[in-house]
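J.: fold the following for me, if possible:
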Amino acid sequence: LTGYLAEPASGHGPGVLVIQEWWGLVDAIREVCDRLARAGFVALAPDLYHGERTTDPGVAGRLMMDLDLPRAARDLEVAVEALLGRSSVTHPRVGCVGFCMGGQLALYAAAQSPRIGAVVDFYGIHPRVELDLARIEAAVLGIFAERDEYVPPEAARRLEADLRSAGKRVRVRIQPGVDHAFMNDHRPDVFDAAAAAKAWDETIAFLRAELS
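T.: Here you go, the predicted model:
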């Protein structure tokens, strides 16, 4: 397993996994790690496609659907171990931030590992990933888009209700007037600077509160 690691200038901080969109481990995901490092976190993005990446939506869809989920679960567990094994990581549990496919995988990873203490799910979707919500011990922040054709607001509210019914701490926010992937500044067709800045500030505050 390879990945991209970014550490804060201080040399230490809580660990956070960053899970890719369906494009693979592309520059946008590396830049999320860099931004987390500037905010004081040790951020690691594991390469779940093992070297494959694309800008073609058709290829991305194939890569997502062909993802070997048991292998991805092992890769995510290895990434958790890698973070917690670093002397620079200061908290015994890690956070997990995922976008699109990665948002669903962030919840999936939390259901596999009690060492994940906080999950930020950005408009998560993967048709083949089934979640065992009862096994999640992490607090969850869900950030979704009002105009999302893949994960409409009713699906986000259903996820929130299911997590609450399972006794989990969860907060879901639906950002008005934006589309799926509004956080991705490499996609000018959907990026929304104001909404992204607000969601980022909320993400950092949530991670700091849960991993302090």
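J.: over to the spatially most central residue of the chain. Which of the three states is it?
T.: The chain has Gly98 as the residue nearest its centroid, 1.3 Å off, counting by C-alpha atoms, centre = their mean. Three-state assignment for Gly98 (DSSP: H, G, I helix; E, B strand; the rest coil): strand.
J.: so what's it up against?
T.: 18-20, 104-107, 119-122, 124 (C-beta atoms under 8 Å, 6 or more residues apart in numbering). All C-beta spots, glycine's among them, are computed from the backbone N, C-alpha and C.
J.: can we see that at 7 Å?
T.: Residues counted as contacts of Gly98 (C-beta atoms under 7 Å, 6 or more residues apart in numbering) are 19, 105-106, 121-122, 124.
J.: ok, and the most crowded of those?
T.: Comparing the contacts of Gly98 on neighbour count, Ile19 comes out first with 31 neighbours (neighbours: other C-beta atoms under 10 Å).
J.: so where do the strands sit in the chain?
T.: Along the chain, the stretches classed as strands by DSSP state E are 3-6, 15-19, 42-46, 94-99, 116-122, 139-145, 170-175.
J.: show me what the first one is packed up against.
T.: Read it as strand 3-6. helix 27-38, strand 42-46 (3 or more C-beta pairs under 7 Å, 6 or more residues apart in numbering; DSSP states H and E).
J.: and the longest one, what's buried?
T.: Of all the residues in helix 27-38, those buried under the rule 16 or more other C-beta atoms under 10 Å are 28-33, 35-37.
J.: ditto for the shortest one
T.: In terms of neighbour count (16+ other C-beta under 10 Å), strand 42-46 has its buried residues at 42-46.
J.: any chance of those residues in JSON lines, plus distance to Ala111 and pLDDT?
T.: Formatted as JSON lines, those follow (distance: C-beta to C-beta, whole Å; pLDDT from 0 to 100):
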{"residue": "Val42", "distance to Ala111": "23", "pLDDT": "98"}
{"residue": "Ala43", "distance to Ala111": "21", "pLDDT": "98"}
{"residue": "Leu44", "distance to Ala111": "19", "pLDDT": "98"}
{"residue": "Ala45", "distance to Ala111": "20", "pLDDT": "98"}
{"residue": "Pro46", "distance to Ala111": "17", "pLDDT": "98"}
